[in-house]
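A.B. asks: 3D model of this:
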Amino acid sequence: MWCFLLAFVSLLLLSSTQGGTAEQCGTQAGGALCPGGQCCSKYGWCGTAPDYCSTGCQSQCGSGGGGGGGDIGSLVSRNTFNQILKHRNDGGCPAKGFYTYDAFIAAAKSFPNFAKTGDAATQKREIAAFLAQTSHETTGGWASAPDGPYSWGYCYLKEQNPGSYCAWDPNYPCAAGKQYYGRGPIQLSWNYNYGQCGKAIGADLLNNPDLVATDPVISFKTALWFWMTPQSPKPSCHDVITGRWNPSGADKSAGRVPGYGVTTNIINGGLECGKGWNAKVEDRIGFYKRYCDLLGVGYGNNLDCYNQKPFGSDLNVVGVTTVVTLIHVMPSYKNNCNSEK
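C.D. replies: Sure, this is the predicted structure:
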């Protein structure tokens, strides 16, 4: 009898603990990652069992079949990194000396699945795609630039002519006197994105947004957080470029098919996709092709998003509130540096 009562009480305690504790990771917890490289289940809980790491796993799903990966430094050497971002330390680049190879490697180690999913070619292709998209956001290149326009990624650190980017949000209110303009490789913008990202990577970016422009490891982490984190109805860029994303029927009807082009749609689809040829999309593709060439991997298919509808645009009227919320959580990023300098 006593054994039965003890077992019953233990079960009640376990149930109340799980039921009363907020989810730990993923979209349910602002994009937070699990400690120790654990998988984040589709329900927002951390663990290493197959139920956590298989179907629906949101992040760090390596124990569910991620693939071969060694250290990221074995995929992209210091010399190759310097060739990829050849002119980032040019005297005319405001970010000169900031974006270092060591900072990139250190930040990447905080995201165990980055460049660790699939075979070596897939892993290198992800590095190329990540550096290409962020190079477009920070480019200092022009058509006749030395070594071509796609050798000038990571030239800029902060948005030019910035605003405050403060919007009302009860969860991530703006700190007094702080501005949330574009900073870092992905040009992280808006207080709610600084708040969510900071929570996920363990840095108080809401009260200290300048950390993204003064700490190079944190700066790279903000871009990797964006890259690795899905924001429904958008998949993560990571899942797209590594082939883990399976488009729904609605995605296929909207022209959203696997390939580099969907990562552009995720980042800035509202302004760049579904409108035919676009110079910014071409710029993103130009960086990507050059970086794939330097890493010795193929480009894959579907590099542009010219015929893709932006994510969320194909939802019906009932979903309008959802779309507004999602855009508020993770808006499309504008190429702030390139368009305003």
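A.B. asks: quick one, what contacts residue 172?
C.D. replies: Residues near residue 172 by CB atoms under 8 Å, 6 or more residues apart in numbering: 191, 192, 194, 195, 196, 206. From N, CA and C alone the C-beta is placed, and that goes for glycine too.
A.B. asks: Check the gap between it and residue 31 for me.
C.D. replies: Distance of residue 172 to residue 31, computed by CB to CB, to the nearest Å: 12 Å.
A.B. asks: Find the residues that touch each one of those two.
C.D. replies: Counting by CB under 8 Å, 6+ apart, the common neighbours of residue 172 and residue 31 are residue 196.
A.B. asks: quick one: which of the contacts of residue 172 sit in helices?
C.D. replies: 191, 192, 194, 195, 196 (DSSP state H).
A.B. asks: Check what pLDDT the residue nearest to the fourth one when sequence neighbours are not counted gets.
C.D. replies: To tie it back to what came earlier, the one meant is residue 195. Of all residues not flanking residue 195 in the chain, residue 172 sits nearest, at 2.9 Å (CB to CB, 6 or more residues apart in numbering). Looking at residue 172, its pLDDT reads 98.
A.B. asks: Likewise for residue 81?
C.D. replies: Reading off the model, residue 81 has pLDDT 98.
A.B. asks: same question, the one 4 residues further on
C.D. replies: Per-residue confidence at residue 85 stands at 99 (pLDDT).
A.B. asks: How about the contacts made by it?
C.D. replies: 99, 131, 135, 153, 154.
A.B. asks: could you flag which of those are buried?
C.D. replies: 99, 131, 135, 153, 154 (16 or more other CB atoms under 10 Å).
A.B. asks: and the second one, what does it touch?
C.D. replies: In this case it means residue 131. With CB under 8 Å, 6+ apart, residue 131 has these contacts: 84, 85, 153, 287, 291.
A.B. asks: go on, residue 225?
C.D. replies: Taking CB under 8 Å, 6+ apart as the definition, contacts of residue 225 comprise 31, 111, 197, 200, 201.
A.B. asks: circling back: might you specify the subset of the buried ones among the contacts of residue 85 located within helices?
C.D. replies: Per DSSP H, the subset of the buried ones among the contacts of residue 85 in helices is 131, 135.
A.B. asks: can you redo the buried ones among the contacts of residue 85 as JSON lines with pLDDT and distance to residue 25?
C.D. replies: Shown next, in JSON lines, are the buried ones among the contacts of residue 85 (pLDDT from 0 to 100; distance: CB to CB, whole Å):
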{"residue": "99", "pLDDT": "99", "distance to residue 25": "28"}
{"residue": "131", "pLDDT": "99", "distance to residue 25": "26"}
{"residue": "135", "pLDDT": "99", "distance to residue 25": "29"}
{"residue": "153", "pLDDT": "99", "distance to residue 25": "31"}
{"residue": "154", "pLDDT": "99", "distance to residue 25": "29"}
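A.B. asks: Let's have the buried ones among the contacts of residue 85 in TSV, adding distance to residue 46.
C.D. replies: Output for these, formatted as TSV (distance: CB to CB, whole Å):
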residue	distance to residue 46
99	31
131	29
135	33
153	34
154	33
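A.B. asks: Between the buried ones among the contacts of residue 85, which sits nearest residue 235?
C.D. replies: Distance to residue 235, by CB to CB, is smallest for residue 131 among the buried ones among the contacts of residue 85, at 19.7 Å.
A.B. asks: Quick check: the closest one vs residue 104, distance?
C.D. replies: For residue 131 relative to residue 104 (CB to CB), the value is 9 Å.
A.B. asks: Nothing else from me, thank you.
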